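K.L.:
Structure here, sequence nowhere to be found:
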């Protein structure tokens, strides 16, 4: 579906519903298409997603460093 900017301002909620249901919605300036309304992909983030995949445990960044590693970090060695 292609609509003008004026029609889009008047019917924005209907156009959003149409885009969410899979319809292609194009807004035109005069006869020239300029933008398309598309739904935003909804994703979720799961903590611990890979915990049972056998990839091992990462470093504990809150644990104190070993003395020799600290010396290297500070440039003493």
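P.N.:
Yes, it's here. All values derive from a computational prediction rather than experimental measurement.
K.L.:
ok, residues contacting stretch 16-24?
P.N.:
1, 25, 36, 37, 38, 39 (C-beta atoms under 8 Å, 6 or more residues apart in numbering). For glycine as for every other residue, the C-beta is placed from the backbone atoms N, C-alpha and C.
K.L.:
Show the contacting residues for the fourth one.
P.N.:
Translated: residue 37. When the contact criterion is C-beta under 8 Å, 6+ apart, the partners of residue 37 are 15, 16, 18, 19, 25, 26, 27.
K.L.:
And the strands in the protein?
P.N.:
Applying DSSP state E to the chain gives strands spanning 2-4, 25-29, 32-37.
K.L.:
Next, format the ones you listed as a markdown table and append distance to residue 72 and mean pLDDT.
P.N.:
Below are the strands of the chain laid out as a markdown table (distance: least, C-beta to C-beta, whole Å; pLDDT from 0 to 100):
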| stretch | distance to residue 72 | mean pLDDT |
| --- | --- | --- |
| strand 2-4 | 63 | 96 |
| strand 25-29 | 58 | 97 |
| strand 32-37 | 54 | 96 |
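K.L.:
so which of these gets nearest residue 65?
P.N.:
strand 32-37 (52.1 Å; C-beta to C-beta).
K.L.:
what lines up beside the closest one in the sheet?
P.N.:
Counting by DSSP bridges, the strands paired with strand 32-37 are strand 25-29 (antiparallel).
K.L.:
Could I get the buried residue list for the strand it pairs with?
P.N.:
With burial defined by 16 or more other C-beta atoms under 10 Å, the residues of strand 25-29 counted as buried are 25, 27.
K.L.:
Great, nothing more from me.
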